[in-house]
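[1] from the sequence below, what's the structure:
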Amino acid sequence: MAVTFYDVNSAAGLKKLDEYLLSRSYITGYQASKDDITVHAALSKAPSAEFVNVSRWYNHIEALLRISGVAGEGCGVIVDGFAPITEEAVATPPVGDSKASAADDDDDDVDLFGEETEEEKKAAEERAAAVKASTKKKESGKSSVLLDVKPWDDETDMKKLEEAVRSVEMEGLFWGASKLVAVGYGIKKLQIMLTIVDDLVSVDDLIEERLTAEPINEYVQSCDIVAFNKI
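    This is a model prediction of the structure:
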């Protein structure tokens with residue numbers, strides 16, 4: 001069944017959306033999709049910082065649209081008074097570089113049988129370096145991860161556990177929404193979202209060397225990866 005939102009541009013509607021996103025990084029599923037684009041497009045302006053979860057989600061979708069677009073199908077969402085997103089709006093293709101086009105035009109005029117000059121050699125080396133750098137930049141993607149963080153027992157202070165987890169700071173690591181989930185016998189586990197830059201953060205190392213090591217292991221017994229999706 002599709003998720004339905006009402007009056008998303010009113011304070012009441014934004015409050016409902018904020019509560020909905022408290023334990024979610026996206027409108028549906030664990031990756032950005034058409035559902036996120038539909039709700040994003042229905043908002044007439046960026047939400048107030050008062051709505052913390054909506055602002056976090058809105059800024060993330062804005063960044064995705066600027067950088068790479070959104071390709072996920074989603075599960076279906078309805079925004080009262082707003083038409084569903086069209087196929088053409090799902091992915092935002094990168095804007096072409098006019099300088100690159102001009103360079104291609106210039107290449108058409110090159111004498112392929114003439115002797116290569118020093119200037120031409122230098123230009124070729126610069127182009128090769130630019131292509132290499134561009135390829136490396138594209139390979140440095142991001143991933144969205146959902147972790148289960150389990151305490152030692154029902155006497156573990158879950159508030160301090162979450163504070164200890166969020167105290168881990170690394171370049172390319174961004175903590176997201178979280179919630180407590182009942183396991184049984186009065187024990188609860190922490191489910192927490194995080195976004196990582198793939199070239200900078202290894203989730204396995206994060207778990208083994210930080211989250212289950214001293215001093216955090218005073219609260220954390222173990223961590224499991226529930227979901228791992230490329231952004």
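[2] those strands in this structure, which residues are they?
    For the chain, the strands defined by DSSP state E cover 3-5, 77-79, 142-151, 173-184, 187-197, 220-230.
[3] worst average pLDDT in those strands?
    Comparing mean pLDDT over the strands of the chain, the weakest stretch is strand 77-79, at a mean of 80.
[4] by contact count, what packs against that one?
    Applying 3 or more CB pairs under 8 Å, 6 or more residues apart in numbering; DSSP states H and E, we find strand 77-79 packed against strand 3-5, helix 34-42. For glycine as for every other residue, the C-beta is placed from the backbone atoms N, C-alpha and C.
[5] can you redo those as TSV with mean neighbour count and distance to K121?
    Formatted as TSV, the helices and strands packed on strand 77-79 follow (neighbours: other CB atoms under 10 Å; distance: least, CB to CB, whole Å):
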stretch	mean neighbour count	distance to K121
strand 3-5	15	59
helix 34-42	23	46
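[6] least confident secondary structure element in this structure?
    One helix or strand of the chain scores below all others by mean pLDDT, DSSP states H and E: helix 98-108, with a mean of 46.
[7] right, and the helices and strands packed on strand 77-79 - which one's nearest L147?
    Across those, L147 has its closest neighbour in helix 34-42 (21.4 Å, CB to CB).
[8] about what we covered before: any chance of the helices and strands packed on strand 77-79 in TSV, plus distance to V145?
    Formatted as TSV, those follow (distance: least, CB to CB, whole Å):
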stretch	distance to V145
strand 3-5	23
helix 34-42	18
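[9] quick one, which of those is nearest to H60?
    Closest to H60 of the helices and strands packed on strand 77-79, according to CB to CB: helix 34-42, at 8.7 Å.
[10] what about K150, distance to T28?
    26 Å (CB to CB, to the nearest Å).
[11] more crowded one of these two?
    Using other CB atoms under 10 Å as the criterion, K150 and T28 rank with T28 on top: 20 against 16.
[12] please list all residues in contact with the more buried one.
    With contact taken as CB atoms under 8 Å, 6 or more residues apart in numbering, T28 is in contact with V3, D35, G74, C75, G76, V77.
[13] try N9
    N9 is in contact with A42, L43, S44, counting by CB under 8 Å, 6+ apart.
[14] may I have the phi/psi pair for it?
    phi -100, psi 0 (degrees, to the nearest 10).
[15] distance of it from S44?
    Distance, N9 to S44, using CB to CB: 5 Å.
[16] tell me which residues in stretch 221-228 are buried?
    In terms of neighbour count (16 or more other CB atoms under 10 Å), stretch 221-228 has its buried residues at C223.
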